[in-house]
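Trainee: fold the following and give me the result.
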Amino acid sequence: MIRPATPDDRPRLQRIRTWLPEPTPGLLETAISGAGSVLVSTADGVPVGYVLTMVADDAYVAELVVEPAHRGEGRATRLLGATVDMARDRGCNRVSLTVHEENDVARSLYESLGFERRGREPDYYADGGDGLLFEKRL
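Mentor: Okay, the predicted model is just below:
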């Protein structure tokens, strides 16, 4: 099930967030407080993944993470699908995101959902890896 995050989800989402290679400090708190959109994927009512999106004229997926025990179940696909629907409902023209150039699994997922590569950000990540910008027009 996909649903909006609630303030009660904070502790669980903070634990899930530890699976991100480079979480942005304070971003989850800011988004849950209303400056962004956080959708969660639940198993037996408990969050096991989330997508954090900043929404203005367009939507930017800042964080997407699913606990390792629940990967391969289609949760990231459903979270991104719900994000695209939300962005469309809010009048956005596109959804974009940045992915590490070596994250082949994520790149394949984004491409399968109609995201197209639009650019490269050299040295975007702390390990010196480039970030690849993907975009889906709505």
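Trainee: buried set for the one helix or strand residue 10 maps to?
Mentor: Here residue 10 sits within helix 10-17, counting by DSSP states H and E. Using 16 or more other CB atoms under 10 Å as the test for burial, helix 10-17 gives 12-13, 16-17. Yep, even glycine has a C-beta here, placed from its N, CA and C like the rest.
Trainee: same check, this time on stretch 65-76
Mentor: 65-67, 70, 75-76.
Trainee: name the residues that touch stretch 2-12?
Mentor: Residues from elsewhere that reach stretch 2-12 (CB atoms under 8 Å, 6 or more residues apart in numbering): 13, 28-29, 32, 37-42, 46-47, 50, 78-79, 82.
Trainee: swap in 6 Å and give it another go.
Mentor: Contact with stretch 2-12 is made by 32, 38-41, 47, 78, 82, as judged by CB atoms under 6 Å, 6 or more residues apart in numbering.
Trainee: can you name every helix or strand that the longest helix anywhere in the chain contacts?
Mentor: Of all segments of type helix in the chain, defined using DSSP state H, the longest is helix 75-89. Applying 3 or more CB pairs under 6 Å, 6 or more residues apart in numbering; DSSP states H and E, one finds that helix 75-89 makes contact with strand 37-43, strand 46-55, strand 59-66.
Trainee: average pLDDT across the helix or strand just after it?
Mentor: For helix 75-89, the following helix or strand on the C-terminal side (DSSP H and E) is strand 94-100. Average pLDDT, strand 94-100: 97.
Trainee: tell me the strands beside strand 94-100, with direction?
Mentor: strand 59-66 (parallel), strand 131-137 (antiparallel) (DSSP bridges).
Trainee: could I get those as a markdown table with mean pLDDT?
Mentor: As requested, these are exported to a markdown table (pLDDT from 0 to 100):
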| stretch | mean pLDDT |
| --- | --- |
| strand 59-66 | 97 |
| strand 131-137 | 98 |
